[in-house]
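Chemist: Only the shape, not the letters, is given here:
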Ligand SMILES: Nc1ncnc2c1ncn2[C@@H]1O[C@H](COP(=O)(O)OP(=O)(O)OP(=O)(O)O)[C@@H](O)[C@H]1O
């Protein structure tokens, strides 16, 4: 692999096995470019965290992997100067204060900017002496975000960052990330299975199922490739003959069908068409996962 710096992550034949004969990540190929916000989305146990751990050099793997031009296994220390990794917000210990949390991150991350952190905190109800256990969940999110955003990392990796938070805070979290942190020199990789609230900030989508990449596309490509049709009651059979990848019943005898690579003008004969939401696309793609 060449050293192309607009390429933030390159994986070729990436594999990780914890147990002989089974692969948590199974021959994954993908590229992530600078200035993208990528959602790595998959059901429980599909290999998301394992993929992230490989990217961060936290587990040994097979195959080729380059992150910011470096080999995560042999150049981990170097790589960590440019990467910020945050697991879910729940990991902040309950006894820690705002000030101590900042001190801790400052100690472990060379790119942490204390003044920047303080500026974020000044816009909240948080005070330096406040403990996590005294905060509402929303305040914990604010603390978490301030810690993340004060790190000037080229690559930000977030593993289920909004787990356990309600929809309002999930929205707030992603909106702030987009408005106050993201720019064209940064790249964000987020894993989640709560897709609805991140889809509007994502530029790219990677679906993973049983360790395999089953979809890898930019949001523009998705809109070109997939179409959802609200099929009129009398046209269901016609619709099925064009092999939808998903189908669900709606009130009043209508049926929603999801099509992959069927020309839109053809589908318009069936009923109203639109671009599917990521959640519906996810469900259709993962069909059979829990069977
Ligand atoms: N340390 C480990 N030792 C053994 N098996 C593991 C280990 N970590 C993960 N696995 C297995 O690898 C597979 C993928 O797990 P992984 O945590 O990567 O999935 P995930 O997509 O992040 O899941 P979730 O959404 O539930 O967090 C699972 O079958 C899991 O049981």
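Modeler: It's in. Predicted model only: the values in this text are computed from it and were never measured.
Chemist: for the ligand, what are the nearby residues on this structure?
Modeler: 18, 24, 42, 44-50, 193 (C-beta under 6 Å from any ligand atom). C-beta: built from backbone N, CA, C; applies to glycine.
Chemist: Please pick the buried ones from those residues.
Modeler: Neighbour-count burial (16 or more other C-beta atoms under 10 Å) applied to the residues of the chain next to the ligand gives 24, 42, 46-50.
Chemist: can you list these in CSV and add secondary structure and pLDDT?
Modeler: Listed next are these as CSV, based on DSSP: H, G, I helix; E, B strand; the rest coil; pLDDT from 0 to 100:
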residue, secondary structure, pLDDT
24, coil, 97
42, coil, 92
46, coil, 94
47, coil, 95
48, helix, 94
49, helix, 93
50, helix, 95
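Chemist: just those now: which is nearest residue 222?
Modeler: residue 42 (16.3 Å; C-beta to C-beta).
Chemist: all helices of the chain, in order?
Modeler: For the chain, the helices defined by DSSP state H cover 48-55, 76-80, 98-108, 114-122, 137-149, 167-176, 219-225, 236-241, 264-267, 278-285.
Chemist: just checking, what packs against the second one?
Modeler: It refers to helix 76-80. With contacts defined as 3 or more C-beta pairs under 8 Å, 6 or more residues apart in numbering; DSSP states H and E, helix 76-80 has no helix or strand neighbours.
Chemist: Mind listing what's buried along it?
Modeler: So helix 76-80, judged by 16+ other C-beta under 10 Å, has buried residues 79-80.
Chemist: re the thing from before, okay, the residues of the chain next to the ligand in a markdown table with distance to residue 36 next?
Modeler: Output for the residues of the chain next to the ligand, formatted as a markdown table (distance: C-beta to C-beta, whole Å):
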| residue | distance to residue 36 |
| --- | --- |
| 18 | 29 |
| 24 | 24 |
| 42 | 18 |
| 44 | 25 |
| 45 | 26 |
| 46 | 21 |
| 47 | 20 |
| 48 | 17 |
| 49 | 20 |
| 50 | 21 |
| 193 | 20 |
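Chemist: which of the residues you listed sit farthest apart?
Modeler: 18 and 193 (20.6 Å).
Chemist: Residue of the stretch 51-200 of the chain nearest the ligand, please.
Modeler: For the stretch 51-200 of the chain and the ligand, the shortest gap (C-beta to the nearest ligand atom) falls at residue 193, measuring 5.9 Å.
Chemist: Residue 41 is in contact with that residue, correct?
Modeler: Yes - Residue 193 lies in contact with residue 41 (C-beta atoms under 8 Å); the separation is 6.5 Å.
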